[in-house]
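Undergrad: Sharing a model that was predicted from the sequence below.
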Number of protein chains: 2
Amino acid sequence: MSKRSVYKRKIIKHFYFGRSYSSTELSLLLNKSIPFTTGVLGEMVEDGVIEEIGYADSRGGRRPQMYGLKADLLNIVAVSIDQINTNIAMFDLHNEMVHPKKNIEFKLSNTDYNDLVQITNHIENYIENTGIDPDKILGIGISMPGFVDVNKGVNHTFLKSAHGSIVDYIEDRIGLPVLIDNDSSLIALSELRFGAARDKMNVMVLNLSWGVGLGMILKGEIFRGSNGYAGEFSHIPLFDNNKLCQCGKSGCLETETSLLVLVQKAIEQIEEGKLSLIKDISESDLETAVNKIMNAAKRGDRVAINLLSDIGYTIGRGVAILIHLLNPEMIILSGRGAEAGRLWVAPIQQALNEHCIPKISEGIKLEISNLGYEAGLIGAAALVMEKYDSLSKFEKRIKVVQK
Amino acid sequence: MSKRSVYKRKIIKHFYFGRSYSSTELSLLLNKSIPFTTGVLGEMVEDGVIEEIGYADSRGGRRPQMYGLKADLLNIVAVSIDQINTNIAMFDLHNEMVHPKKNIEFKLSNTDYNDLVQITNHIENYIENTGIDPDKILGIGISMPGFVDVNKGVNHTFLKSAHGSIVDYIEDRIGLPVLIDNDSSLIALSELRFGAARDKMNVMVLNLSWGVGLGMILKGEIFRGSNGYAGEFSHIPLFDNNKLCQCGKSGCLETETSLLVLVQKAIEQIEEGKLSLIKDISESDLETAVNKIMNAAKRGDRVAINLLSDIGYTIGRGVAILIHLLNPEMIILSGRGAEAGRLWVAPIQQALNEHCIPKISEGIKLEISNLGYEAGLIGAAALVMEKYDSLSKFEKRIKVVQK
DNA sequence: TAAAACTTCTTAAAATTATAAAAAAGATTC
DNA sequence: GAATCTTTTTTATAATTTTAAGAAGTTTTA
């Protein structure tokens, strides 16, 4: 691969994450001279990869020519899998969804090989339905919970097939580059590239869901640890409570903060006869139960608010640990539970005030994501572009960037 | 600064940390072509910066010419400050101590400006006593406990002078580049460059001392967080014990693991009448008390061993948190308490077995440092070289590397 | 034991990339 | 409103760095 084409890939990546740049700005980002950058940009315009998108405002001199990616040059398939739902969507290079996302209800089992076959079928069908030429698809990004070994393309928790790598299987069947990563890390990636963590160096992104996931941004990059297992926030041993966690240990943070615990405690309190707006909930339909509790809290129900506060405070104690160990500049509440995030800010902040050395916690921003429910899908698409300039599997894909 | 001289600095840094390289190896490390690297190396030999040190064994072809730094080209002053002792030493480029280290008993107060003056005097005298020409000194590296803001050169815990930056003060007085960093981070740095963490990517280095410090190696580099406060392991809120910590909060890990707690518990148990080899200890002379307990443990005293085990187990619980969050490949026990480290390996390992998800803790190595007592000084010297290729304050110092 | 294979080192030509100066376009100032 | 200052872009020239090919040593293999 020629050096020039390496720079072209980097330029495409910058444009994807940053929208538009002038020649001068890019030369700074690439650490190359302006004449060189201008030359490369010229070639890319000729090849139809990027286009001139007008002039930016002057900052005291000649107005800079701005460049941007041609949105329809390439597409990216994003797949977001969780325990009960799988979503598939197609994005263009401006990060717009170009085909309606498809939601599949799909209970993820731990070991069934058939699950993998099913999901691959769905992806295959979805791509066909979009009518987009596979030659115009850069790759497929997949977000899923569990212990994901990024390099081997294996998930040690879900879709464990005897047939080895998930990535290899899907690549073989569909013939496109496939990348997988853990859902919390990808939510952090979307916050880093498109959300509140943009241009930040050290940020902790909490993925509020059935458990509390953690995506870490350290030194301006997603941190994954030596095997990709970093961020197991749910399972830090924080309590002497003898409550068994689904991971097999006891005392995990999750044993006091999961939404399951929330529902259990709510049922307990209602049975004790406390007055509450919460009605008719049971452990057998958690999703509905959680929604009812959340809604009650939003309407000011004391019981619901107190329950959420307790959990928030406990999460906050965990966050205090993160702050002491990693000294981040920002905490972001993201994931599907972030909508109710506002309810949690106060108790978390309270826990931070009580458990942090002031010097280390002062100035830390506690923010709620505005990427919302889509963060997982955006992260899956971003994963593909994130690796575009470094993985060899992209080398032969897009002709225009090969010289 | 010319580009070529940037590469020369990088080469010097590589040699300092790696001893000797061939032209081919260096060209790989620098990402430059072999002819270019050979050319630069030739110039550096001519300038007397490096020398040819013979041929390495062949690996199936012509034997490579090896190069190494001239040890006496430059010297580095290392200063290691802790709460009761300050050590100063002079190193050469082969990391050998070229002048006997000087130990100064010196109780570090929190705010006394005079402390800073005193320490600077000592450094000044020490350099004079070595008889080494200041023009042959690259810089001064300082290791100290507390909240160190590396960029501002300020310590928010010790030597807080109204006169601003510690670094600026010493640089003004001595006229040499000065760098400071937190002791635990520097111990981690010496492990990374010269110890068990060499070539490792993600390692947690515990600095066993009066508290338990933590130096983190993430992605092959020391991690310091956004303000340099990362690694406050001692003060993670882990207990509901209502014991007040010196940091002002309660429930910190330190409230159950500090050597002070060790002594208090020992006294308690002896007063209760337990049979033990430990005799005549009191809280007024902690250093002696700790030594007596350690020695008793080494001779097999049950009381001492149990006390250390309890503390080790508690530290292990903290380490389990580190493992879940950061997924390191290795844990190193270092610092002055590492000698007794062997006594702690078993209880720490025990805690890891009980509190870690097997998938994430399997394969993690738990090692005892072999850098020993000197780790702090070595780290302080290494700090200077670590920053040599990136800080402008070194630009004008060494003439031979300026072209 | 000689040929093959392989690694290192050297050289000169080729390609890449940067520098510097000037031109273009717009903002600011007096 | 002309002169001056800025920033961006272009161009030509200069410097840097790589490529490619071959020479020089060593080990491996036949």
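TA: Happy to help now that I have it.

Undergrad: contacts and neighbour counts: CA atoms only from here.
TA: Will do.

Undergrad: Flag the shaky bits of the stretch 201-350 of chain A, pLDDT-wise.
TA: For the stretch 201-350 of chain A, the stretches with pLDDT under 70 are A:341.

Undergrad: who touches stretch A:282-302?
TA: Residues from elsewhere that reach stretch A:282-302 (Cα atoms under 8 Å, 6 or more residues apart in numbering or on different chains): A:259-260, A:262-264, A:266-267, A:276-279, A:281, A:303-305, A:340.

Undergrad: Which one of the residues in chain A is closest to DNA strand D?
TA: DNA strand D sits closest to A:G61 of chain A, with a gap of 2.8 Å, by Cα to the nearest atom of the strand.

Undergrad: where does that residue fall, phi/psi-wise?
TA: A:G61 adopts backbone torsions of phi -160, psi -160, taken as degrees, to the nearest 10.

Undergrad: How many neighbouring residues does it have?
TA: A:G61 is flanked by 7 other residues according to other Cα atoms under 10 Å in any protein chain shown.

Undergrad: okay, A:N110: pLDDT?
TA: The model reports A:N110 with a pLDDT of 65.

Undergrad: Leaving out sequence neighbours, find the closest residue to A:R342.
TA: Take A:R342 and drop its neighbours on the chain: the residue closest to it by Cα to Cα, 6 or more residues apart in numbering or on different chains is A:I368, 7.3 Å away.

Undergrad: about what we covered before: overlap between the contacts of stretch A:282-302 and the residues near DNA strand C?
TA: Among those, not one lies near DNA strand C by Cα under 7 Å from any atom of the strand.

Undergrad: Identify the residues contacting the residue nearest to A:R342.
TA: A:I368 makes contacts with A:332-334, A:338, A:341-342, as judged by Cα under 8 Å, 6+ apart.

Undergrad: same thing with A:V148?
TA: By Cα under 8 Å, 6+ apart, A:V148 lies in contact with A:154-157, A:180-182, A:228-229.

Undergrad: and chain B, which of these reach it?
TA: Contacts with chain B are made by A:228-229 out of the contacts of A:V148, judged by Cα under 8 Å from any Cα of the partner chain.

Undergrad: quick one: which of the contacts of A:V148 has the most company?
TA: Of the contacts of A:V148, with other Cα under 10 Å as the count, A:N182 tops at 29 neighbours.

Undergrad: Around A:S284, count how many other residues there are.
TA: The number of residues packed around A:S284, counting by other Cα under 10 Å, is 8.

Undergrad: now swap in the one 3 residues further on and tell me
TA: The local packing count at A:E287 equals 15, with neighbours defined by other Cα under 10 Å.

Undergrad: for A:T38, same thing?
TA: A:T38 has 16 neighbours, counted by other Cα under 10 Å.

Undergrad: tell me the helices in chain A, going along the chain?
TA: In chain A, the helices defined using DSSP state H lie at A:3-18, A:23-30, A:34-46, A:113-130, A:166-174, A:183-194, A:254-257, A:259-271, A:286-298, A:302-326, A:341-355, A:358-361, A:375-388.

Undergrad: Return the most buried member of the ones you listed.
TA: helix A:183-194 (a mean of 28; mean count of other Cα atoms under 10 Å in any protein chain shown).

Undergrad: Residues in contact with it: which ones?
TA: With contacts defined as Cα under 8 Å, 6+ apart, helix A:183-194 is touched by A:17, A:80, A:143-145, A:197-200, A:204-207, A:213-217, A:220, A:222, A:224, A:334-335, A:369, A:371, A:375-376, A:378-380, A:382-383.

Undergrad: Can you give the domain ranges for chain A?
TA: A:3-69, A:73-187+A:376-401, A:196-370 (automatic domain parsing).

Undergrad: pLDDT (mean, whole number) over stretch A:377-396?
TA: Taken as a whole, stretch A:377-396 carries a mean pLDDT of 90.

Undergrad: Please compute how far it lies from its chain's middle.
TA: Chain-centre distance of stretch A:377-396: 14 Å, with Cα atoms, centre = their mean, to the nearest Å.

Undergrad: thinking again about what came up before, confidence-wise, which of the contacts of A:V148 comes last?
TA: Ranked by pLDDT, the contacts of A:V148 bottom out at A:T157, which scores 84.

Undergrad: any idea how far the spatially closest residue to that residue that is not a sequence neighbour is from chain B?
TA: In space, and not counting its chain neighbours, A:T157 is closest to A:G146: 5.0 Å by Cα to Cα, 6+ apart. Going from A:G146 to chain B by Cα to the nearest Cα, to the nearest Å gives 11 Å.

Undergrad: A:G146 and A:N182 touch, don't they?
TA: Yes: using Cα atoms under 8 Å, A:G146 is in contact with A:N182, at 6.5 Å.

Undergrad: Fine by me, thanks again.
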